[in-house]
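Trainee: Structural data only, the sequence is not supplied:
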């Protein structure tokens with residue numbers, strides 16, 4: 001097998017010095033991720049120094065190290081390991097002919113990235129590379145790019161930000177041929193004076209496009225004109241997607257079902273009818289963005305439609321589990337990875353579309369939404385109508401941020417307000433009965449993914465989508 005990197009390649013890309021030749025099959029900066037054959041990059045930061053874990057990485061089978069100080073074993077030594085990782089990422093970009101797609105947005109980034117990966121893999125098996133997990137920040141993006149094999153045909157990279165001015169460096173590194181903004185909403189509002197400022201910050205992804213590159217924007221978003229103007233200023237070819245007339249990639253019709261959506265989309269002179277294996281109106285929008293990007297890079301739309309139909313197992317982002325409950329099973333809708341006002345409302349709408357079997361109930365375990373600043377109380381209180389519309393029977397609300405929602409709901413819903421994920425787990429264990437449907441969603445720092453894992457561990461079935 002051709003190695004991903006040799007020590008000579010790394011030295012050439014970073015300007016480092018080789019101390020012991022090696023060949024590596026992967027790249028990581030987390031020693032716990034080493035399974036054998038990787039180059040371990042010893043990053044230094046305020047909290048810790050990766051050099052402390054060099055011996056652990058070597059013991060786990062790292063092929064070599066990228067370091068800024070002397071270590072035992074084969075390594076390439078540089079002055080600054082973060083700068084070296086960035087240089088390695090740029091070298092990976094430049095040596096590959098891959099069409100690169102950058103994805104950002106207030107909601108839907110990771111889901112859209114995973115859907116794009118699946119859609120393009122149908123067209124080019126074993127030639128698609130994508131960011132893993134949510135590696136979308138100043139360290140995750142260089143790492144993801146450095147991991148891209150030289151023979152990659154399509155690369156998909158998630159790019160996140162919570163402050164203005166963060167995306168330009170990421171998009172300048174990736175240099176995407178296509179840049180997608182999934183949606184603009186009030187995420188990370190603590191750091192922005194207005195939602196329009198969030199739109200401007202998201203639009204910074206277009207600055208990395210080459211002349212004539214493609215900007216894909218959400219036609220139905222209130223900030224679409226702002227995004228369009230920013231893309232035009234960057235000389236981009238603009239493709240819009242949405243569910244209303246005027247969108248370049250438009251859902252002519254769609255039907256929302258409890259566990260999927262059926263869509264007929266028009267892309268210019270082409271029409272495609274397909275199923276999305278994830279439920280909810282927001283997933284129709286994500287799917288349209290995927291089709292727009294697939295077409296922009298020369299992929300196969302019919303194969304993309306088949307991939308979207310199979311998309312149903314995104315942990316933390318809509319995956320459905322059957323778990324043991326009472327004398328039977330309950331359904332868990334796992335949206336535990338993160339939350340903001342837009343995604344919370346979308347997930348509650350999905351819950352409302354599910355009809356529990358044999359008299360089961362709709363339950364909601366919701367954690368506080370972080371980084372909303374002075375508007376936090378209002379955003380939380382404003383979730384009440386969505387919960388009522390979803391016909392939630394019992395709600396377990398986690399964290400101090402949820403106090404305004406508790407007050408807003410009053411006696412309209414049976415509410416249990418708890419302090420943390422451990423208390424929420426105990427409450428869910430007492431509440432969950434056979435045939436119930438439980439939505440779990442909250443900001444990642446609340447830790448509701450642990451509740452999902454605990455419920456899955458008592459799984460009575462396969463864990464497949466019901």
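Mentor: Now that the structure is in, tell me what you want to look at. These numbers come from a predicted model, not from an experiment. Numbering: from 1, shown residues only.

Trainee: measure stretch 385-398 end to end?
Mentor: Stretch 385-398 has its terminal residues 18 Å apart, counting by CA to CA, to the nearest Å.

Trainee: And stretch 48-63, by the same measure?
Mentor: For stretch 48-63, the first-to-last residue distance is 22 Å (CA to CA).

Trainee: Point out the other helices and strands that the helix or strand hosting residue 386 packs with.
Mentor: According to DSSP states H and E, residue 386 maps onto helix 384-389. With contacts taken as 3 or more CB pairs under 8 Å, 6 or more residues apart in numbering; DSSP states H and E, helix 384-389 sits against helix 341-353, helix 403-409. (Glycine included, C-beta is placed from N, CA and C.)

Trainee: helix or strand right after that helix?
Mentor: Next along from helix 384-389, by DSSP H and E: strand 394-398.

Trainee: So which residues make contact with that following strand?
Mentor: For strand 394-398, contacts defined as CB atoms under 8 Å, 6 or more residues apart in numbering pick out 361, 363-368, 387, 405-406, 409, 413-421, 423-424, 427-428, 431, 442, 446, 448.

Trainee: Show me the strands in the stretch 51-200 of the chain, by range?
Mentor: For the stretch 51-200 of the chain, the strands defined by DSSP state E, counting those that start in this stretch occupy 64-67, 75-77, 99-104, 128-130, 154-158, 178-181.

Trainee: out of the ones you listed, deepest packed?
Mentor: Comparing these by mean neighbour count (mean count of other CB atoms under 10 Å), strand 178-181 comes out on top with a mean of 30.

Trainee: coming back round to it: using JSON lines, lay out the strands of the stretch 51-200 of the chain together with distance to residue 342.
Mentor: JSON lines is the format used below for these (distance: least, CB to CB, whole Å):
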{"stretch": "strand 64-67", "distance to residue 342": "39"}
{"stretch": "strand 75-77", "distance to residue 342": "44"}
{"stretch": "strand 99-104", "distance to residue 342": "15"}
{"stretch": "strand 128-130", "distance to residue 342": "24"}
{"stretch": "strand 154-158", "distance to residue 342": "18"}
{"stretch": "strand 178-181", "distance to residue 342": "14"}
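
Trainee: Show me the least confident stretch of the helices and strands packed on helix 384-389, going by mean pLDDT.
Mentor: If the helices and strands packed on helix 384-389 are sorted by mean pLDDT, helix 341-353 sits at the bottom with a mean of 93.

Trainee: Could I get the pLDDT score of the most centrally placed residue in the chain?
Mentor: Centrality entry for the chain: nearest residue to the mean C-alpha point is residue 110, 1.8 Å, by CA atoms, centre = their mean. Looking at residue 110, its pLDDT reads 92.

Trainee: what about this structure, any weak spots by pLDDT?
Mentor: Applying pLDDT under 70 to the chain flags the ranges 459-466.

Trainee: Please parse it into its domains.
Mentor: 5-83, 96-309, 319-457 (automatic domain parsing).

Trainee: now the shortest one, how far from the centre of its chain.
Mentor: Remark: domain 5-83 is offset 27 Å from the chain centroid, using CA atoms, centre = their mean, to the nearest Å.

Trainee: quick one, helices of the stretch 351-466 of the chain?
Mentor: Using DSSP state H, counting those that start in this stretch, the helices found in the stretch 351-466 of the chain span residues 376-381, 384-389, 403-409, 421-431, 448-457.

Trainee: Quick check: buried residues in the third one?
Mentor: In other words, helix 403-409. For helix 403-409, burial by neighbour count (16 or more other CB atoms under 10 Å) applies to 404-406, 408-409.

Trainee: Pull the residues that contact it.
Mentor: Residues outside helix 403-409 that contact it (CB under 8 Å, 6+ apart) are 366, 377-378, 380-384, 387-388, 395, 397, 415, 417.

Trainee: rerun that using 7 Å as the cut-off
Mentor: Applying CB atoms under 7 Å, 6 or more residues apart in numbering, the contact partners of helix 403-409 are 377, 380-381, 383-384, 387, 397, 415, 417.

Trainee: and if you look at the last one?
Mentor: Helix 448-457 is touched from outside by 316, 321, 323, 332, 334, 336-337, 365, 367, 421, 424-425, 428, 440, 442, 463, with contacts defined as CB under 7 Å, 6+ apart.

Trainee: Now do it against helix 421-431, angle only.
Mentor: Here helix 448-457 points in a direction 40 degrees away from that of helix 421-431 (axes from the mean of the first three to the mean of the last three CA atoms, to 10 degrees).

Trainee: and helix 448-457, which residues are buried?
Mentor: 448-449, 451-452, 455-456.

Trainee: what do you get for the fourth one?
Mentor: For helix 421-431, a neighbour-count test (16+ other CB under 10 Å) marks 421, 424-425, 427-428, 431 as buried.

Trainee: residues making contact with that helix?
Mentor: Contacts for helix 421-431 (CB under 7 Å, 6+ apart): 363, 365, 394, 396, 398, 416, 418, 446-448, 450-451, 454.

Trainee: so how many other residues sit close to the residue nearest to residue 445 when sequence neighbours are not counted?
Mentor: Using CB to CB, 6 or more residues apart in numbering and skipping the chain neighbours, the partner closest in space to residue 445 is residue 370 (6.0 Å). Close neighbours of residue 370, defined as other CB atoms under 10 Å, add up to 20.
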